[in-house]
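>>> Show me how the following folds:
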Amino acid sequence: MKKEEPIEKIDFDEYADVYDKVMEEDLKFFGEENTYFAEYKVKIVQDLIKVNPDKILEYGCGIGRNIKFFKTYFPSSDIEGCDISQKSIDLAKKENPNINFYLINDEFINSNLNKYNLIFISCVFHHISPELRNDVIKNINKLLKPKGSLFIFEHNPYNPVTLKIVKDCIWDKDAILLKPKETKKLIRTGNLNEVNFNYTLFFPSQLKKLRFLEKYLKGIPLGGQYFIQAEKV
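Just a heads-up that it's a prediction; the model follows:
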């Protein structure tokens, strides 16, 4: 039997400067600027969150594409971001000078225990090696306040368009997509309770007039992504 080659992990410092440009190219099929997808997810969070959160963290914030929309939709919240890529954080700071950004490490985790009412994670876990995911979700639990909310967005591995986009993306070569049942298991491992689970992103811009139907399709595994809303026990 041929031995499988180890998957080369992505160094996101290498791609920080070209992130937006590559995203625009990869998402041409949907016919939207990549900011559409960032705002789309933040609006979902705003629609589902019951109490305005005092403190919000984007875990795996990259260059801060989602942060500006959190500032728009949660103007009274204290918003922060963290990432493993220092170069990405530096770029995020330039675009969002009034926001605190942190490098993810043990010091960050231990200095911010039970701090955040809301943690948002978008398309991060598929870059984390499966053997490390349980440790990451447990650390995220440590950052959440009791009864705090967690939103995890991930690519839907059942959607052929999503698979094509991931295959063609230069920084997704280390991606190991999570089936919904795997993400749900992660939630339980992190001692979190599932509140909502929905599929999202069903229609490209050519069919944007049909997007009002998405709320009726949320249980059908055809959307480009899915998300889980959970709460700390």
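>>> Nearest the middle, which residue of this protein would you pick?
The chain has Ser122 as the residue nearest its centroid, 0.5 Å off, counting by C-alpha atoms, centre = their mean.
>>> In the longest helix along the chain, which of the residues would be classed as buried?
If you go by DSSP state H, the chain has its longest helix at helix 34-48. Judged by neighbour count using 16 or more other C-beta atoms under 10 Å, the buried positions of helix 34-48 are 34, 37-42, 44-45. Yep, even glycine has a C-beta here, placed from its N, CA and C like the rest.
>>> name the helices or strands packed onto that helix?
Here helix 34-48 touches helix 19-26, helix 67-73, strand 116-122, strand 144-155, strand 192-200, strand 225-232, going by 3 or more C-beta pairs under 8 Å, 6 or more residues apart in numbering; DSSP states H and E.
>>> before we move on, back to that, so in terms of bridging, what pairs with the residue nearest to the centre of the chain?
Taking DSSP bridges as the rule, Ser122 bridges to Phe153.
>>> Could you verify my assumption that it touches Asn66?
Yes. The pair Ser122 / Asn66 is scored as a contact, 6.3 Å apart, by C-beta atoms under 8 Å.
>>> who touches both of these two?
38, 41, 58 (C-beta atoms under 8 Å, 6 or more residues apart in numbering).
>>> Turn those into a markdown table, including pLDDT and distance to Val51.
Shown next, in a markdown table, are the shared contacts of Ser122 and Asn66 (pLDDT from 0 to 100; distance: C-beta to C-beta, whole Å):
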| residue | pLDDT | distance to Val51 |
| --- | --- | --- |
| Ala38 | 90 | 23 |
| Lys41 | 95 | 19 |
| Glu58 | 98 | 19 |
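>>> so where's this structure shaky on pLDDT?
Low-confidence segments of the chain (pLDDT under 70): 1-34, 171.
>>> how about JSON lines for the helices and strands packed on helix 34-48, with distance to Lys215 added?
Output for these, formatted as JSON lines (distance: least, C-beta to C-beta, whole Å):
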{"stretch": "helix 19-26", "distance to Lys215": "26"}
{"stretch": "helix 67-73", "distance to Lys215": "18"}
{"stretch": "strand 116-122", "distance to Lys215": "20"}
{"stretch": "strand 144-155", "distance to Lys215": "17"}
{"stretch": "strand 192-200", "distance to Lys215": "9"}
{"stretch": "strand 225-232", "distance to Lys215": "13"}
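>>> Minimum distance to Ile79: which of those has it?
helix 67-73 (4.9 Å; C-beta to C-beta).
>>> residue contacts, the closest residue to Ser76 other than its chain neighbours?
Nearest non-adjacent residue to Ser76, counting by C-beta to C-beta, 6 or more residues apart in numbering: Asn52, 6.3 Å away. Contact analysis of Asn52 by C-beta under 8 Å, 6+ apart lists 74, 76-77.
>>> most neighbours, which of those?
Phe74 (19 neighbours; other C-beta atoms under 10 Å).
>>> and the gap between the closest residue to it other than its chain neighbours and Thr162?
Closest residue to Phe74 apart from its sequence neighbours, by C-beta to C-beta, 6+ apart: Ile56 at 6.1 Å. Distance check for Ile56 against Thr162: by C-beta to C-beta, to the nearest Å, it reads 27 Å.
>>> Neighbour count: those two, which is higher?
Ile56 (24 against 18).
>>> Near Arg65, how many residues? Count them for me, please.
Arg65 has 20 nearby residues by other C-beta under 10 Å.
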